[in-house]
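[1] Here is a sequence together with a model predicted from it:
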Amino acid sequence: MTAAAEAEAARWLTVGEACRLLGVDPSTLRAWTDAGQLPSFRTPGGHRRYRREDLEAFLARQRRRRSLREVVGTQAARLLPGSSRRQIRRQTWYAQVGPEGAERLRQICRTLMGALAGYLAGGRRQGRALREGEAAGRALGLEVAARGLSPLDAAQAFLFFKEAIVESVATRVPAAAEEKVAALRRIDAFLDRVLVEVMAAYGRAPA
C-alpha cells in the first residue's frame, strides 16, 4: 500500500474506533448517525465507516454546545450579582415588587434558565425543555399579576431578565461568531415563547 493510500485509509474509522474517539457506545453513535448528525460511509460489506475529520468537527461542536449550556446554567445562579442588584432596584417596577417579590422572580428565572440550558442542548430533551420554560413563564405571569404590576411593567420585568441572559451569552460564550448568532436566535425564539405564556397567564390571573 502506498503512503497516500495508507493516509486515506487512516481517515476512515470503524464503528469501534469512532466510539473510542467520541467516548460513546455504539448505540449512541448509531443514533447520531441515523439522525443525520454524523455522516458515514458503508463498505460493500455493509459496515459503517467514519471520517476522522467529521468526528473531530462533531466533537468541537459538542464542546461549544456544552460551553453554551454551562454558561447559561452558571448564569442562573448569578443572575443578579453585584451591580446587577443595583440595576434591578432602579427599575420602575421594583418599588411595587419589593425585595421579597424580586427574590421570588429570581427563583422563577433560575428555573427558566435551567429550561433554556436544556433547550440549547437540543436533542430529545428540547421539546420538554421548551414546555418547562413555558411553565416557568406562566408562573412568572401569575407572580407579577399577584404583585399588582401593570401589563407594561410585567413585560419590562421579563425583558430585564432577558437582557441579562442575552448579554451573558453574547459576552461569555467562547464560540465562533456565526455559532453565537445562531445560539442567540435560538435563545430569542425560546424566550419569545415564554413571554407569550407570561402575558397569557397575566391576563388569566384574578383581578
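    Thanks, I have the structure now. Residues are numbered from 1 along each chain as shown.
[2] how about low-confidence regions in this protein?
    For the chain, the stretches with pLDDT under 70 are 1-10, 64-86, 123, 172-176, 207.
[3] make it 50
    Applying pLDDT under 50 to the chain flags the ranges 1, 3-7, 76-77, 79-83.
[4] In it, which residue is most central in space?
    Nearest to the mean C-alpha position of the chain, by Cα atoms, centre = their mean, lies residue 120 at 2.4 Å.
[5] which residue ranges form the strands in this structure?
    Ranges of strands within the chain are 12-13, 41-42, 48-51, based on DSSP state E.
[6] wait, isn't the residue nearest to the centre of the chain in contact with residue 183?
    Yes. In this structure, residue 120 is within contact of residue 183 by Cβ atoms under 8 Å, at 6.6 Å. From N, CA and C alone the C-beta is placed, and that goes for glycine too.
[7] List just the one of the strands of the chain that sits closest to residue 21.
    strand 12-13 (6.7 Å; Cβ to Cβ).
[8] And the contacts of the closest one?
    In this structure, residues lying in contact with strand 12-13 by Cβ atoms under 8 Å, 6 or more residues apart in numbering are 21, 41, 49-52, 55.
[9] what's the burial count for residue 98?
    By the criterion of other Cβ atoms under 10 Å, residue 98 has 11 neighbours.
[10] Separate out the buried members of the contacts of strand 12-13.
    21, 49-51, 55 (16 or more other Cβ atoms under 10 Å).
[11] My read is that residue 141 contacts residue 197, right?
    Yes. The criterion here is Cβ under 8 Å, and residue 141 meets it with residue 197 at 6.6 Å.
[12] Those two - which one has more neighbours?
    Each of residue 141 and residue 197 has its neighbours counted (other Cβ under 10 Å); residue 141 has more, 25 against 18.
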